[in-house]
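Q: take a look and give me a structure for this.
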Amino acid sequence: MLLISSRKPIENQSLKRCVITKEKYTELIGFIKQSFVIKPDMTPQLIPNVGYNSKDNFYEAKGSYYLFRTCNTWTNDALTIAGVRTSFLALFENGILRHL
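A: This is a model prediction of the structure:
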């Protein structure tokens with residue numbers, strides 16, 4: 001079941017607001033879409049029964065995960081595509097957040 005909240009997130013040390021143009025948003029969506037294995041129904045391929053807890057999911061992605069290619073480097077790359085100031089290399093979340 002998907003729950004959608006109407007509450008806006010509260011900005012803090014680990015949650016930052018980024019404002020981007022419509023064009024950069026479109027580029028960001030393209031980057032995200034090309035990152036995932038897409039099923040014939042145009043949805044990402046869910047990896048069943050995998051996640052940190054019952055409220056998250058993992059999806060099949062293109063590419064490999066290794067020491068220098070983590071979820072943080074992927075996020076950093078996505079923010080770069082969106083025109084957001086980023087780190088040269090962000091292996092950990094603080095490498096992303098300190099620039100926002």
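Q: quick check, central residue of this structure?
A: With distances taken as C-alpha atoms, centre = their mean, T75 lies nearest the centre of the chain, 4.9 Å away.
Q: helix/strand/coil for it?
A: What DSSP: H, G, I helix; E, B strand; the rest coil gives for T75 is helix.
Q: roughly how far apart are it and V37?
A: Plainly put, T75 is 19 Å away from V37 if you go by C-beta to C-beta, to the nearest Å. For glycine as for every other residue, the C-beta is placed from the backbone atoms N, C-alpha and C.
Q: for Y65, same thing?
A: When C-beta to C-beta is the yardstick, Y65 and V37 sit 14 Å from each other.
Q: name the residues contacting each of the two.
A: Shared between the contact lists of Y65 and V37 (criterion: C-beta atoms under 8 Å, 6 or more residues apart in numbering) there are no residues.
Q: if we can go back for a sec, ok, the residue nearest to the centre of the chain - contacts?
A: Remark: with contacts taken as C-beta under 8 Å, 6+ apart, T75 is in contact with A90, I96.
Q: again, but for K55
A: Here K55 is in contact with no residues (criterion: C-beta under 8 Å, 6+ apart).
Q: separation between it and V84?
A: For K55, the distance to V84 equals 26 Å [C-beta to C-beta].
Q: any idea of the pLDDT on the residue nearest to the centre of the chain?
A: We have a pLDDT of 86 for T75.
Q: with the one 10 residues further on instead?
A: The predicted local confidence for R85 comes out at a pLDDT of 83.
Q: that one belongs to a helix?
A: No - inclusion of R85 in a helix is not indicated when three-state DSSP is applied; the result is coil.
Q: and it, how close does it get to R69?
A: The value you get for R85 to R69, if C-beta to C-beta is used, is 21 Å.
Q: the two: which has the busier surroundings?
A: R69 (13 against 9; other C-beta atoms under 10 Å).
Q: contact partners for that one?
A: With C-beta under 8 Å, 6+ apart, R69 has these contacts: G63.
Q: longest helix of the protein?
A: Of all the segments of type helix in the chain, defined by DSSP state H, the longest one is helix 22-35.
Q: now it: average pLDDT?
A: Per-residue pLDDT values across helix 22-35 average out to 95.
Q: which residues sit against it?
A: Contacting residues not belonging to helix 22-35 are listed as I20, A61, K62, G63, W74, D77, A78, I81, A82, G83 [C-beta under 8 Å, 6+ apart].
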